[in-house]
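Asker: Just need the structure, nothing else, for what follows:
(2 chains)
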Amino acid sequence: MTLLTVEALTMRFGGLVAVDALSFALGAGEVLGLIGPNGAGKTTVFNCLCGFLRPAEGEVLFDGRPVDRLEPYRICQLGMVRTFQIVKPFQAISVLDNVMVGALSREKSTTRAQERSLEIIDFVGLSEWTYALAQGLPLPLRKRLELARALATRPRVLLLDEVMAGLNPTEVDELIALLKQVHRRGTAILLIEHVMRGVMALSERVIVLNHGVKIAEGLPRDVVRNREVIEAYLGKEFLRAQG
Amino acid sequence: MSRKALLLAALFAVLMLLPLVLGNYVLGIFVMIYFWAYVGQSWNVLTGYTGHISLGHALYLGIGAYATTYLAQHFGLTPWIGMFVGGALAAVIGLFVGFLGFRFGMRGVYFVILTIAFAEITRLVVSHIEALGSFTGIFLDFKPSLRNFQFRGNVPYYYISFGFMLASLAAVRLIERSRLGRFMVAIREDEEAAQALGVNTFRYNMLAIAISAFMTALAGAFYANYIFYLHPNTMFGMATSIDLILRPIVGGLGTLFGPILGSFILTPLSEISRAYFAKGGLEGLHLILYGILAILVVLFMPRGIIVYVNRGLDRLLHTRGADRPGAGGGERK
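Answerer: Now for the predicted structure:
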């Protein structure tokens, strides 16, 4: 079953076409990688999907209903939530209070929201820091906090914007294991990621963007051998040198 | 009950008994301490917790004072009811200011200007309305009775203002713990992130400004029937707007006890230095003193004095064990 459908999505900033007639679909419980060089328009796609930007053209359907005119909070309430590439923790409050904000958007009772938040904090491995202020956390833990808050909203689709950037290989592997569990619990994931180890380990399918245009789509192992993709990342000279 | 709560209860019990031993003049200072603590707490809801800086909160104080007085003078309505009418009116005006600010993205410095503009416009309009005393202001007749919210001596005012302060403390404590309060703080910390997590930020911003305006207006009713004179320049003026935000800033923004602590520090300083300097022909010098203190606090204790008081109390009472590392910020517990 298709949960998220993007139809000919186009976003312009002045004369710049950041996303150009992009179409793709995400099935329920699927993990789809969205990769591409810097400035390819990946984060702009997220902003359009989550209501932070109004797409110039095209349509976004979530669970069969158009969401491209809805406010971000509505989209989250419907079950599609994003994380931010530059993490945005609520600095002056504790990890628990951070996660509770997400939980409370689903749950009226603070007691139950707290129970649920503690479970999620445990799940992402932040138990030790439950009462620590977010502002004191090192980056790897902030990334987990970002994930925990998003999970607390009970998403059906999770949009992850470079959650692995800045992590060391061990931390990346831990996060991969964690996301595999999230996936196994039935949450679909759309993954923007530069850490290829993460993309390859998690994605069932991959879409490659370059200058806002989809240049490849397919299985991860096929996509990374695609000449156009290699050219986008490494340039024509690289291909020529390779023969 | 935690040791801190016990200490607080003891402190409040002592305050309850003060009228037995203190003279009228000193009680008057306490009335102003409680009054400004209450007003500061009301402002704290919008600015301290939700993060939108209002520099025009005198507007709501003035609306409360003028509405209550007008209803009492022309319709004989008791201030006990009139103040809620004033509160409702202030909430509606607050919602209008909020609608402009939050719907049309006037944030940060633009929101500040918006709040100042509304207070100033109201000040000018009221200055030209005959029925509201225009620029000479309104004198209230002194007809002491419970119904008229007017009393001989400071003892009744002492308990009423004390009650106001306690009620605001309880209300904000309730808000702080609720879904509403948690969403307000999330908005303050990062509005975009709050949106992304499903918080209808417009709605909670509007709620915050309505509650804050309503609470502030109730204090206006008290002010009118304590001072007996309303002038547009003081009731809607910039100086009042600044005066009412200094205490929560000095005490600790976005904290439950910050406005109270700030008022206990600044109000006596203001009252005593005002009386002292006025005797020497140096009216207004107390404002300079005040300004200096505010600057020092902002420079050296940007999170307010409450942080240090809390830390000192924790050390003294050996509360909050090492099981909660890093949770030293607010005084939640």
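Asker: From here on, just use CA atoms for contacts and neighbour counts.
Answerer: Noted.
Asker: What is the neighbour count of the closest residue to A:Arg149 other than its chain neighbours?
Answerer: Of all residues not flanking A:Arg149 in the chain, A:Val99 sits nearest, at 4.5 Å (Cα to Cα, 6 or more residues apart in numbering or on different chains). Applying other Cα atoms under 10 Å in any protein chain shown, we find 30 other residues in the vicinity of A:Val99.
Asker: Would you mind extracting the C-alpha trace of whatever helix or strand A:Val99 lives in into CSV?
Answerer: Here A:Val99 sits within helix A:95-104, counting by DSSP states H and E. Output in CSV follows, covering the C-alpha atoms of helix A:95-104 (Å, rounded to 0.1, in the frame of the first residue of the first chain):
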residue,chain,number,x,y,z
VAL,A,95,15.5,15.4,27.5
LEU,A,96,12.3,14.1,29.1
ASP,A,97,10.5,17.4,28.7
ASN,A,98,11.7,17.6,25.0
VAL,A,99,10.3,14.2,24.2
MET,A,100,7.1,14.9,26.1
VAL,A,101,6.3,17.7,23.7
GLY,A,102,6.2,15.2,20.9
ALA,A,103,4.2,12.7,22.9
LEU,A,104,1.7,15.4,24.0
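Asker: Could you identify the helix or strand that succeeds the lengthiest helix in chain A?
Answerer: Using DSSP state H to define each element, chain A has its longest helix at helix A:169-184. Using DSSP H and E, the next helix or strand after helix A:169-184 towards the C-terminus is strand A:188-192.
Asker: quick one: is that following strand near chain B?
Answerer: No - between strand A:188-192 and chain B, judged by Cα under 8 Å from any Cα of the partner chain, nothing touches; the nearest distance is 15.7 Å.
Asker: Quick check: B:Phe102 vs chain A, distance?
Answerer: Separation of B:Phe102 from chain A (Cα to the nearest Cα, to the nearest Å) stands at 14 Å.
Asker: and the residue nearest to that residue when sequence neighbours are not counted, helix, strand or coil?
Answerer: With sequence-adjacent residues excluded and distances taken as Cα to Cα, 6+ apart, B:Phe102 is closest to B:Phe202, at 6.2 Å. Here B:Phe202 is helix, with the state taken from DSSP: H, G, I helix; E, B strand; the rest coil.
Asker: sec struct for the most centrally placed residue in chain A, please.
Answerer: With distances taken as Cα atoms, centre = their mean, chain A has A:Leu160 as the residue nearest its mean C-alpha position (1.7 Å). Classification of A:Leu160 by three-state DSSP places it in strand.
Asker: Does it touch A:Thr83 like I think?
Answerer: Yes - the pair formed by A:Leu160 and A:Thr83 meets the contact definition of Cα atoms under 8 Å, at 5.3 Å.
Asker: Now the closest residue to chain A within the stretch 151-300 of chain B: closest residue in space, sequence neighbours ignored.
Answerer: Among residues of the stretch 151-300 of chain B, the one nearest chain A by Cα to the nearest Cα turns out to be B:Gly198. It sits 3.9 Å away. Residue nearest to B:Gly198 in three dimensions, not counting chain neighbours: A:Tyr73, with 3.9 Å by Cα to Cα, 6+ apart.
Asker: same check, this time on B:Gly28
Answerer: B:Asn154 (6.1 Å).
Asker: which parts of chain A sit against chain B?
Answerer: A:50, A:72-77, A:81-82, A:88-94, A:97-98, A:101-102, A:104-105, A:108-110, A:129, A:131-133, A:136, A:149-150, A:153.
Asker: Show me the residues you listed that map onto helices.
Answerer: A:72-77, A:97-98, A:101-102, A:104, A:110, A:149-150.
Asker: Contacts only, for the residue of chain A found nearest chain B.
Answerer: Across chain A, no residue is closer to chain B than A:Tyr73, which sits at 3.9 Å (Cα to the nearest Cα). When contacts are counted by Cα atoms under 8 Å, 6 or more residues apart in numbering or on different chains, A:Tyr73 touches B:195-200.
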